[in-house]
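Colleague: here's a sequence, model it:
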Amino acid sequence: MENDAYDRIGDEPPNYEETSFSGAPGCPSVRVSAFGHDTLDRVPNIDFYRNAGSVSGNRAVRPSLQELHDVFQKVSVWCPPHLYNPLYTHPPLHTTCLYVCLNILGGVMLFIRLSWVFGQGRRGLGIVVIALSCVVTTVTGLSMSAICTNGVVRGGDIGMLLSSNVITDWFPGGAYYLISRSLGPEFGGSIGLIFAFANAVAVAMYVVGFAETVVDLLKENNAIMIDELNDIRIIGCISVVLLLGISVAGMEWEAKAQIGLLIILLVAIVNVFVGTGIPASTDKKSKGFFNYDAKIFMENLPPDFRDGETFFSVFAIFFPAATGILAGANISGDLKDPQDALPKGTLLAILITGVTYLGVALCVSATVVRDATGNINDTIATGMDMFCNGTNTAACEQGWNFSSCEVSSCKFGSMNNFQVMTMVSGFGPLITAGTFSATLSSALASLVSAPKVFQALCKDNIYTALKFFAKGHGKNNEPIRGYVLTFIIAVAFIIIADLNVIAPIISNFFLASYALINFSCFHASYAKSPGWRPAYRYYNMWLSLFGAVLCCGVMFVINWWAALLTYAIEIFLYVYVTVKKPNVNWGSSTQAVTFVSAVNNALSLTGVEDHVKNFRPQCMVLTGAPKNRPALLDLAHCFTKNYGLCLTCEVFVGPRTETLTDVNAEMEKNQMWLNKKKRKAFYAAVACDSFRQGTENLMQASGLGRLKPNILMMGFKKDWRTADTAGVQSYVGVLHDAFDFEYGTVVLRMNQGLDISHIIKAQGKYTHTHAYTHTHTHTHTHTPMYKTEAVRILQPRASVTTPQSPQVVVVNERLVSTSTQFQRKQGKGTIDVWWMFDDGGLTLLLPYILTTRKKFKDCKMRIFIAGQPGRVEQDRMKSLLEKFRIKYADIHVIDDITQNPNSNSWKMFEDMIEPFRLHEGSKSTTLAEALRKDNPWKISDAELDTFEEKTNLQVRLNELLQENSRAANLIIVSMPIARLGSVSDHLYMAWLDILTKNLPPTMLIRGNHKSVLTFYS
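Modeller: I've put the predicted structure just below:
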């Protein structure tokens, strides 16, 4: 038939019809004609690379390789209803990363704790505190910049911005998104909870900082309500309630006010610098503030920690001032060009704030003494400064006597007064305004960030118990439940009412987050995945590793038990996620490193010769689709478990053009089924013209280096007597190929059979029919599937609407029950091993491995061997088993195995092979030759005579098995080998059939005659 797709004019290329790739009603056409002719091929386009469900653009689907390669067929056109929505508008927000980072970095610590830090550590170690904070944040900023620029960054709290150059999707989560998508759900889930908790505690820190400033104002005006501590609690709780109301109501105004808040902050900082140059009043001098003085500057050089404080405890209190570097990542969805803005804005903010903190601190160190009484009468008479000595020399030389501070505590000076910045400034209320704006805006940002990070974590469903908090409300999907949880946590820490206690807790959690961000960058770089291509190149993986180690080290030095507790929580959450295995795939660096490790380990194995002590079963299991023969898969899984290779294989027989689609479709589906059923196995499939050819291809090509199958495992062909000759020859040919390729061979036979594919197929049809009927006849009610309906599913190979006899249903029920036999724990019983021939020990090793599994731990091994009467053979086998260190319950020596089988057994065998015999002995020579020529596959009389003894052995063995192993849980028998070209296929199948007939589950095993057992150490 002529292909309508081709233009009949000359030899021009095909003229394709409009397809879903060429445009559709309501969808813009993207037909390509740049190549001089119409084609399904598409030019590179960003829409082909979007994730499913992307809200920043429309995901396009490129034509598949099959559509380009196969003969052209018209395809239906479909356009997702949400694509090219004319109502879509871009949000108007253009928040700058620098503004946000500066607002967070220049927060509460600048105005009410920086002077105290330099009072404790003085100028010498105060500079080190700031420098160490800058080192930690700079290294983390570099790592974060690399991660953020490795593709589209998603992390905003407000929305999504689409520009002509860069597209960013909305995805709340910030640091959680960075870590989880880089390191995977195991690390991301644990740090996500910790980071959300840290943000919730940060709300308390900022609110307590605000409340402290308010209480100081109340104290100055003698308006304390109860006492300072309870006033902080009252004001803090009232403030967080108001902030919660604002957060729930909407945050649009807060984002727009970022620049205004930053201006207030900058003016307040300038106000400090200006104030240090204004001549000090008497009141300010009494409180320890003098203008620039070299002696004050030198006096504030050596450290002098008080009240049990140390360098790292002071650092822990100050470090939350440096935790604003993630603010840019948290609002990346609002940045016009996050890949450019995030690195520049974050690093520039670190530089500016570092210089600002250092400049303000040095100015205060040069103008404010550590202790002051605040009493304007504590002056020294003129000319008496020659007697100045001790710790307050600089103040003494300025004419002030603060020596009483050495005896009792004072309320003023950089060590005692948290409002030093207000006192030093040129206009105090401006500092108060700066403190209010910094603390409240930071508290509000944290109050919004924590629930959104937590909601993002819960939406990923990493922790199923937290799914409750994933639900959003309103058009903006606000996490109201997360707000309530954050509010409760914040109030709990506000009750502490001590900034110096809250700050180290936050430092601990943020350092843990920073450690994992740095480790994420190192890990991604170390994996050397081709997908790791950050646009920001000014990073180094070893510097990131140093940053991770530094953060961990600082955590332990600050508070070793808190650090241990934090990492214990992380490890617990990591193990939980590892065990639960959430259904997510983020292309993490953990996957990349696992792949690299697997390749390196596989390569390293190739350089080492196999050793008998390291032999382990690696099974190629001919299950077809894995769910079709569950008993075969379950038994193979018992052999390999987590310690060996298990490869479930399927051969699609037929023309390649017809079967390739099935092969591609089944690959992922069957592997997912194996993973869902927790079977540590791989699935492989081939398309071939015959079953034998496909299996041969699998045996030759499967595996990687030393990681390749060494055992072929298949089910017994129960229908060999009714199957066509080609099917029998193909089956026996597979066994011959296995012997040729030196595979160990295992054949499993169960009386009820192994294949339940017809039941699964019927179940699928019944489920579909039931669902259709239910939908169209029971619109408003739901009827559960009862046992009678489930039994109906067991009807085989027929339409589910066709009634089946009760006998068929019973047979299928037994088949289903038998197919799950090895999924259940085996009761007390025996595994009988009939080790007739030495095949290298595989016949003995496999049952021993079964006894080490939980399902077979109550089964004892009994060994049956052929031999002469007496104890000589038994003692010989006992000695061998003891050397092999294999436990057994008993050894039986079969001394009558050479007897002829009884007449009934022989009659059964003769009836079995009767349809396949030539009977040429009773015919003329000419007719006999004609029969042999026409039916070369049939069993000749000469063949029966030649292999009479071997045939008798199989029939006699079945009698002995019936006599001795009828009650065994599992029987293992040495598989007879048919010499290639000498034994006909049907005679060989008759041997296997009569040997295993009417027995419990039986495995025929034949090793490749290379030792798999050794008694040497």
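Colleague: now stretch 249-259: mean pLDDT?
Modeller: Taken as a whole, stretch 249-259 has a mean pLDDT of 60.
Colleague: repeat that for stretch 317-331.
Modeller: On average, stretch 317-331 scores 71.
Colleague: next one: stretch 292-308
Modeller: The model assigns stretch 292-308 a mean pLDDT of 82.
Colleague: same question for stretch 845-862.
Modeller: On average, stretch 845-862 scores 92.
Colleague: run the chain-centre distance for it.
Modeller: Here the centre of stretch 845-862 is set off from its chain's centre by 34 Å, with C-alpha atoms, centre = their mean, to the nearest Å.
Colleague: and for stretch 365-373?
Modeller: Mean-position distance between stretch 365-373 and its chain equals 55 Å (C-alpha atoms, centre = their mean).
Colleague: for that stretch, measure first residue to last.
Modeller: Using C-alpha to C-alpha, to the nearest Å, one end of stretch 365-373 lies 18 Å from the other.
Colleague: same question, stretch 861-880
Modeller: Termini of stretch 861-880 sit 15 Å apart (C-alpha to C-alpha).
Colleague: buried residues in that stretch, which are they?
Modeller: 861-866, 873-874, 877, 880 (16 or more other C-beta atoms under 10 Å). All C-beta spots, glycine's among them, are computed from the backbone N, C-alpha and C.
Colleague: ok, stretch 557-572 next?
Modeller: Within stretch 557-572, the residues that qualify as buried are 558-559, 562-563, 566-567, 569-570, counting by 16+ other C-beta under 10 Å.
Colleague: just the residues you listed: which are in strands?
Modeller: Secondary structure from DSSP state E places none of the buried residues of stretch 557-572 in strands.
Colleague: between those residues, which is closest to residue 655?
Modeller: Residue 655 lies nearest to residue 570 out of these, by C-beta to C-beta, at 55.1 Å.
Colleague: isn't the closest one up against residue 189?
Modeller: No - with contacts counted by C-beta atoms under 8 Å, residue 570 stays clear of residue 189, the gap being 9.7 Å.
Colleague: in strands only, show me the buried residues of stretch 861-880.
Modeller: In strands, judged by DSSP E, the following of these are found: 861-866.
Colleague: can you show me the strands along this protein?
Modeller: 161-162, 167-168, 619-621, 646-653, 682-688, 711-715, 744-749, 829-834, 859-866, 890-894, 970-974, 1002-1006.
Colleague: redo the buried residues of stretch 557-572 as CSV? Include pLDDT.
Modeller: Shown next, in CSV, are these (pLDDT from 0 to 100):
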residue, pLDDT
558, 85
559, 84
562, 86
563, 89
566, 88
567, 86
569, 87
570, 85
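Colleague: go through those residues and flag which are in helices.
Modeller: 558, 562-563, 566-567, 569-570 (DSSP state H).
Colleague: show me the shaky parts of this protein.
Modeller: Scanning the chain for pLDDT under 70 picks out the ranges 1-43, 45-59, 64-108, 151-175, 178, 250-259, 326-339, 381-391, 764-805.
Colleague: quick one on the thing from earlier: from the buried residues of stretch 861-880, which is closest to residue 132?
Modeller: Nearest to residue 132 out of the buried residues of stretch 861-880 is residue 861 (C-beta to C-beta; 65.3 Å).
Colleague: pretty sure the closest one contacts residue 831?
Modeller: Yes - when contacts are counted by C-beta under 8 Å, residue 861 is listed as touching residue 831 (5.3 Å).
Colleague: what do those two both touch?
Modeller: Counting by C-beta atoms under 8 Å, 6 or more residues apart in numbering, the shared contacts of residue 861 and residue 831 are 847, 851.
Colleague: skipping its backbone neighbours, what lies nearest residue 527 in space?
Modeller: residue 592 (3.5 Å; C-beta to C-beta, 6 or more residues apart in numbering).
Colleague: just give me the neighbour total for the one you found.
Modeller: Residues contacting residue 592 under the criterion other C-beta atoms under 10 Å number 20.
Colleague: roughly how far does it sit from residue 520?
Modeller: Between residue 592 and residue 520 the computed distance is 12 Å (C-beta to C-beta, to the nearest Å).
Colleague: what about residue 177, distance to residue 460?
Modeller: Counting by C-beta to C-beta, the gap from residue 177 to residue 460 is 10 Å.
Colleague: name the residue in the two with the higher neighbour count.
Modeller: The residue with more neighbours, out of residue 177 and residue 460, is residue 177; 26 against 21, by other C-beta under 10 Å.
Colleague: was I right about residue 452 contacting residue 482?
Modeller: Yes - between residue 452 and residue 482 there is a contact under C-beta under 8 Å: 7.2 Å.
Colleague: neighbour count: the two, which is higher?
Modeller: Remark: of residue 452 and residue 482, residue 452 carries more neighbours, 28 against 25, as counted by other C-beta under 10 Å.
Colleague: for residue 869, which non-adjacent residue is closest in space?
Modeller: Distances taken as C-beta to C-beta, 6+ apart place residue 895 nearest to residue 869, at 4.6 Å, with adjacent residues excluded.
Colleague: got a list of what the one you found touches?
Modeller: For residue 895, the contact set (C-beta under 8 Å, 6+ apart) comprises 866-869.
Colleague: and for residue 844?
Modeller: Residue 844 makes contacts with 833, 835, 863, 884, 886, 1013, as judged by C-beta under 8 Å, 6+ apart.
Colleague: from residue 1007, how far off is it?
Modeller: From residue 844 to residue 1007 the distance is 9 Å (C-beta to C-beta).
Colleague: ditto for residue 536
Modeller: On the measure of C-beta to C-beta, residue 536 and residue 1007 end up 58 Å apart.
Colleague: among the two, which residue is more densely surrounded?
Modeller: Legend: neighbour count by other C-beta under 10 Å for residue 536 and residue 1007, higher for residue 1007 (27 against 20).
Colleague: do you know how far that one is from residue 843?
Modeller: Taken as C-beta to C-beta, the span from residue 1007 to residue 843 is 6 Å.
Colleague: any idea how far residue 190 is from residue 898?
Modeller: For residue 898, the distance to residue 190 - C-beta to C-beta - is 68 Å.
Colleague: between those two, who's got more neighbours?
Modeller: Taking other C-beta under 10 Å, residue 898 and residue 190 do not tie; residue 190 has more neighbours (28 against 11).
Colleague: so what touches stretch 541-550?
Modeller: Contacts of stretch 541-550 (C-beta under 8 Å, 6+ apart): 135-136, 139-140, 142-143, 146, 514-516, 518-519, 521-522, 525-526.
Colleague: sort out which of these are in helices and list them.
Modeller: 135-136, 139-140, 142-143, 146, 514-516, 518-519, 521-522, 525-526.
Colleague: just the buried residues of the residues you listed.
Modeller: For those, buried by 16+ other C-beta under 10 Å: 136, 139-140, 142-143, 146, 514-516, 518-519, 521-522, 525-526.
Colleague: nearest to residue 372, of these?
Modeller: Distance to residue 372, by C-beta to C-beta, is smallest for residue 136 among those, at 33.3 Å.
Colleague: show me the contacts for that closest one.
Modeller: When contacts are counted by C-beta under 8 Å, 6+ apart, residue 136 touches 319, 322, 511, 514, 547, 550-551, 554.
Colleague: distance to residue 395 for those residues - can I get that in TSV?
Modeller: Below are those laid out as TSV (distance: C-beta to C-beta, whole Å):
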residue	distance to residue 395
319	31
322	32
511	37
514	40
547	42
550	38
551	40
554	35
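Colleague: for ChimeraX, write the selection for the buried entries among those.
Modeller: This is the ChimeraX syntax for the buried subset of the contacts of residue 136, where burial follows 16+ other C-beta under 10 Å:
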select :319,322,511,514,547,550,551,554
